[in-house]
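Visitor: Build me a structure from this.
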Amino acid sequence: MNVPNNRAAADHQAHDLKPERNQARSVCISAAQFEEIEKAGQIELSEELRAEIETVLNSYILRSGWDRNTRPSKEAKAQSQSLRKHVVGILDALDDVNRKFRGEGVYHSGVALSNQDLFWRAGIPLIPFCDQLLSLLKELESDGIKRDKGGRPKDHFLTQFFCELQDVFRRAGGRAVGVTKTTDGTRESPFTDFVNAILRFAPVGIGPSSSPAVAVAWERQL
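Guide: Next up, the predicted model:
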């Protein structure tokens with residue numbers, strides 16, 4: 001008697017239901033959550049504007065995911081450091097002939113002549129080649145300095161997110177999109193409270209993490 005392998009079938013079905021690791025999940029905002037957003041922004045949202053907010057938020061989440069995936073990995077950073085080391089090594093090896101051509105200081109004439117002959121036989125203009133290596137080295141070192149600064153990476157899509165929500169906010173009756181500084185130094189704005197209320201439903205790490213942070217980020221756009 002053949003007994004069907006229900007466990008295997010169930011495992012197969014469960015496997016089919018598992019979301020792909022890199023698949024972006026769409027955020028759906030409930031009616032109660034939209035009421036919180038309306039209260040924060042002191043506005044009223046039509047069904048059309050509610051749907052537009054979900055579209056704007058999910059688009060921002062998706063683009064932020066693309067940006068994270070294209071940031072340098074540990075392997076890319078290591079490769080960049082290796083490339084820099086090799087570029088420095090080539091420039092050091094060509095130091096004598098470079099000094100000869102540029103008339104800069106003392107150089108070993110035999111080494112300089114040997115390298116000069118090598119480049120001539122290869123048909124490679126020596127000075128432009130060295131200048132290109134120097135430009136490459138400058139870029140590699142500049143990129144390293146940017147990484148070493150640390151902190152939160154620049155959000156390349158935040159400006160567009162703000163602009164799209166500003167349009168929704170105004171169409172919903174919101175007017176005060178500026179930021180007001182109170183006597184204690186805090187920043188207040190119905191618009192940034194509105195944006196922050198929306199970002200609460202985004203995955204962790206997407207967008208500014210608090211209402212004051214949203215206000216500061218929006219103030220930079222003004």
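Visitor: hang on, isn't Asp96 packed against Val106?
Guide: No: Asp96 lies out of contact with Val106 (C-beta atoms under 8 Å); the separation is 9.1 Å. Placement of C-beta: from N, CA and C, glycine included.
Visitor: quick one, which of these two is more surrounded?
Guide: Taking neighbours as other C-beta atoms under 10 Å, Asp96 and Val106 compare with Asp96 leading, 20 against 7.
Visitor: and that one, what is it in contact with?
Guide: 107-109, 111-112, 115 (C-beta atoms under 8 Å, 6 or more residues apart in numbering).
Visitor: how much space is there between the closest residue to Asn58 other than its chain neighbours and Leu62?
Guide: Nearest non-adjacent residue to Asn58, counting by C-beta to C-beta, 6 or more residues apart in numbering: Ser26, 5.1 Å away. Taking C-beta to C-beta, to the nearest Å as the measure, Ser26 falls 9 Å from Leu62.
Visitor: cool, Leu133 as well?
Guide: Taking C-beta to C-beta, one finds Leu133 at 39 Å from Leu62.
Visitor: and if you look at Arg99?
Guide: Applying C-beta to C-beta, the value for Arg99 to Leu62 is 53 Å.
Visitor: Please apply the same query to Ser46.
Guide: 24 Å.
Visitor: Which of the two has more residues huddled nearby?
Guide: Shown here are Ser46 and Leu62; by other C-beta under 10 Å, Leu62 has more neighbours (13 against 10).
Visitor: Correct me if wrong, but the more buried one is in a helix.
Guide: Yes: judged by DSSP: H, G, I helix; E, B strand; the rest coil, Leu62 forms part of a helix.
Visitor: Model confidence score at it, please.
Guide: Here, the pLDDT recorded for Leu62 equals 88.
Visitor: mind listing what the closest residue to Leu91 other than its chain neighbours touches?
Guide: Of all residues not flanking Leu91 in the chain, Leu133 sits nearest, at 5.6 Å (C-beta to C-beta, 6+ apart). Contacts for Leu133 (C-beta under 8 Å, 6+ apart) come out as 87, 90-91.
Visitor: Could you do Lys85 as well?
Guide: Under the criterion of C-beta under 8 Å, 6+ apart, Lys85 has no neighbours.
Visitor: what about it, helix or strand, and which?
Guide: Using DSSP states H and E, Lys85 sits in helix 74-93.
Visitor: Give me the buried positions along that helix.
Guide: Residues 80, 84, 87 are the ones in helix 74-93 that count as buried (16 or more other C-beta atoms under 10 Å).
Visitor: Tell me if I'm right that the first one and Ser142 touch.
Guide: What it means is Ser80. No: in this structure, Ser80 is not within contact of Ser142 by C-beta under 8 Å, at 11.3 Å.
Visitor: Arg99 versus Gly105, what's the distance?
Guide: Relative to Arg99, Gly105 is positioned 6 Å away (C-beta to C-beta).
Visitor: the more surrounded of those two?
Guide: Arg99 (15 against 8).
Visitor: Can you tell me the closest non-neighbouring residue to that one?
Guide: Tyr107 (4.0 Å).
Visitor: Just to check, that neighbour is in contact with Leu94?
Guide: No: taking contacts as C-beta under 8 Å, Tyr107 lies outside contact range of Leu94: 10.6 Å.
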